[in-house]
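Engineer: sequence-free structure coming up:
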């Protein structure tokens, strides 16, 4: 028992340091720059696809996927976590407390687990992407457009690179008048059996 | 005994093409009917705002650096128009009704906020500031200092900045290059901001 306690403390300290290191060496960027850039992307997509919002959602998800594939490497480098997550619950925790903290400086709440521990919700108390945003008032955007859909793609891409196939989608958004912004993430399977050939 | 204090009768935003971007009208207290009604109809307010464009034009030759034009034009013994222009040519006009709101002599009962929709929070915040306002204004018709209008323009400008930061708001649609026309602002958030500013302002308020 003493040993386990010692290791726990050790672990805590490591977490603390890695967080500290992570926090001090993260390059910062003006939040408005991020917000306005992302807003421009979404608005331009809406223009390019002539307000076909389901298609805009798909494009955002695709962009996010391509970001996620690359971003995971940056995450692993910055977070200093060499250890694999032992279960999906731990993964969710790391996504919220480390991933979102590093890249967006927010910590969404992890809640609404299903009984089989394969599906959870991320509840965003604040969403830096959606500051100042007011969805177009054309009667459809309010129902069809998931403004921050890029985040779903990012999670999907990033987790795929660490052998987790997930499905992510938003189920509510304050921009649409809901009380919270909530993303549902579901683990489909672990894909260790499909390691790329050059990895052997 | 009751006294009348100034209130905002109309807030207008004019685009760089001299096109109307936004007009909010606020009801004033009418002592004969003991009710709140707009002192002019929407068309008349629209004409008053149009007439301020000439004053902006005239004064812009000897413009102040801050963009604050102060009193543009005293329309009659009740109404006065104040103006502000940004460097991008967007003009904001605040038409003040010098007797738009009634204050009880004790300073307790403010029957501000017509329009029915005013929240209880704004009503209570104005009742506190109204007492200060009464003492600062003194008698009716004493006029307003430019510094008393300044918070209105500062709040209007920051609301306008927030509007511009919405990626779905396209400034070019609202004041196209080429100097002709432009659509009005349809944003609900901006409209709500204007409503809040117009209802909350009273002489002596420093932040809106």
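Structural biologist: Yes, it's here. As the structure is a prediction and not an experimental result, all values here were calculated from the model. Numbering: from 1, shown residues only, chains lettered A, B, ... in the order given.

Engineer: what strand or helix carries residue B:97?
Structural biologist: strand B:91-104 (DSSP states H and E).

Engineer: what helices or strands is that strand leaning on?
Structural biologist: Here strand B:91-104 touches strand B:2-14, strand B:28-30, helix B:42-60, strand B:79-85, helix B:120-137, helix B:146-164, going by 3 or more Cβ pairs under 8 Å, 6 or more residues apart in numbering or on different chains; DSSP states H and E. Just so you know, the C-beta spots here come from the backbone N, C-alpha and C atoms, and that holds for glycine as well.

Engineer: what residue in chain B comes nearest to chain A?
Structural biologist: The minimum distance from chain B to chain A, using Cβ to the nearest Cβ, falls at residue B:167 (2.8 Å).

Engineer: that residue: neighbour count?
Structural biologist: 22 (other Cβ atoms under 10 Å in any protein chain shown).

Engineer: swap in residue A:32?
Structural biologist: 12.

Engineer: state the pLDDT value of residue A:21.
Structural biologist: pLDDT for residue A:21: 48.

Engineer: same question but for residue B:3, I mixed them up
Structural biologist: pLDDT recorded at residue B:3 is 82.

Engineer: residue A:33 too?
Structural biologist: 91.

Engineer: which SS state does it fall under?
Structural biologist: Under the three-state scheme (DSSP: H, G, I helix; E, B strand; the rest coil), the conformation of residue A:33 reads as helix.

Engineer: count the residues that sit near it.
Structural biologist: 9.

Engineer: residue A:183 too?
Structural biologist: Quick note: residue A:183 (other Cβ under 10 Å) scores 22 neighbours.

Engineer: that one: which element?
Structural biologist: Per DSSP H and E, residue A:183 falls inside strand A:181-190.

Engineer: other residues contacting that strand?
Structural biologist: By Cβ atoms under 8 Å, 6 or more residues apart in numbering or on different chains, the surrounding residues in contact with strand A:181-190 are A:88, A:92, A:95, A:108, A:118-124, A:127, A:130, A:148, A:151-152, A:155, A:163-175.

Engineer: quick one: low-confidence parts of chain B?
Structural biologist: Within chain B, the set of residues satisfying pLDDT under 70 comprises B:1, B:63-65, B:105-142.

Engineer: who in it is up against chain A?
Structural biologist: Counting by Cβ under 8 Å from any Cβ of the partner chain, the positions of chain B adjacent to chain A are B:162, B:165-170, B:186-189.

Engineer: which ones among those residues lie within strands?
Structural biologist: If you go by DSSP state E, these have nothing in strands.

Engineer: of those residues, grab the buried ones for PyMOL.
Structural biologist: Typed into PyMOL, the line below selects the buried ones among the residues of chain B next to chain A, using 16 or more other Cβ atoms under 10 Å in any protein chain shown:
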select buried, chain B and resi 162+165+166+167+168+169+187
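
Engineer: in chain A, what residue comes closest to chain B?
Structural biologist: Nearest to chain B, among the residues of chain A, is residue A:39, at 2.8 Å (Cβ to the nearest Cβ).

Engineer: these two touch, right, residue B:201 and residue B:9?
Structural biologist: No - the pair residue B:201 / residue B:9 is not scored as a contact, 10.9 Å apart, by Cβ atoms under 8 Å.

Engineer: what helices or strands is the helix or strand hosting residue B:21 leaning on?
Structural biologist: Using DSSP H and E, residue B:21 maps to strand B:20-25. When contacts are defined as 3+ Cβ pairs under 8 Å, 6+ apart, strand B:20-25 sits against strand B:2-14, helix B:42-60, helix B:188-200.

Engineer: how many residues are close by residue A:82?
Structural biologist: Look at residue A:82: counted by other Cβ under 10 Å, it has 7 neighbours.

Engineer: and if you look at residue B:157?
Structural biologist: By other Cβ under 10 Å, neighbour count at residue B:157 equals 16.

Engineer: so what's it up against?
Structural biologist: Here residue B:157 is in contact with B:84, B:86, B:92 (Cβ under 8 Å, 6+ apart).

Engineer: let me have those residues in a markdown table, adding neighbour count and distance to residue B:23 as columns.
Structural biologist: Listed next are the contacts of residue B:157 as a markdown table, based on neighbours: other Cβ atoms under 10 Å in any protein chain shown; distance: Cβ to Cβ, whole Å:
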| residue | neighbour count | distance to residue B:23 |
| --- | --- | --- |
| B:84 | 23 | 16 |
| B:86 | 14 | 18 |
| B:92 | 25 | 11 |
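
Engineer: let me know the closest of these to residue A:58.
Structural biologist: For the contacts of residue B:157, the closest approach to residue A:58 (Cβ to Cβ) belongs to residue B:86, at 39.3 Å.

Engineer: skipping its backbone neighbours, what lies nearest that closest one in space?
Structural biologist: residue B:67 (5.9 Å; Cβ to Cβ, 6 or more residues apart in numbering or on different chains).

Engineer: take the contacts of strand A:181-190 and keep only those in strands.
Structural biologist: Using DSSP E, the contacts of strand A:181-190 in strands are A:119-124, A:164-172.

Engineer: nearest to residue A:45 among these?
Structural biologist: Comparing the ones in strands among the contacts of strand A:181-190 against residue A:45 with Cβ to Cβ places residue A:170 closest, at 16.1 Å.

Engineer: leaving out the residues flanking it, which one is nearest to the closest one?
Structural biologist: Spatial nearest neighbour of residue A:170, excluding adjacent residues (Cβ to Cβ, 6+ apart): residue A:146 at 4.6 Å.

Engineer: please apply the same query to residue A:85.
Structural biologist: residue A:91 (4.4 Å).

Engineer: re earlier: report the separation between the closest residue to the residue of chain B closest to chain A other than its chain neighbours and residue B:165.
Structural biologist: Nearest residue to residue B:167, sequence neighbours excluded (Cβ to Cβ, 6+ apart): residue A:39, at 2.8 Å. Distance of residue A:39 to residue B:165, computed by Cβ to Cβ, to the nearest Å: 8 Å.
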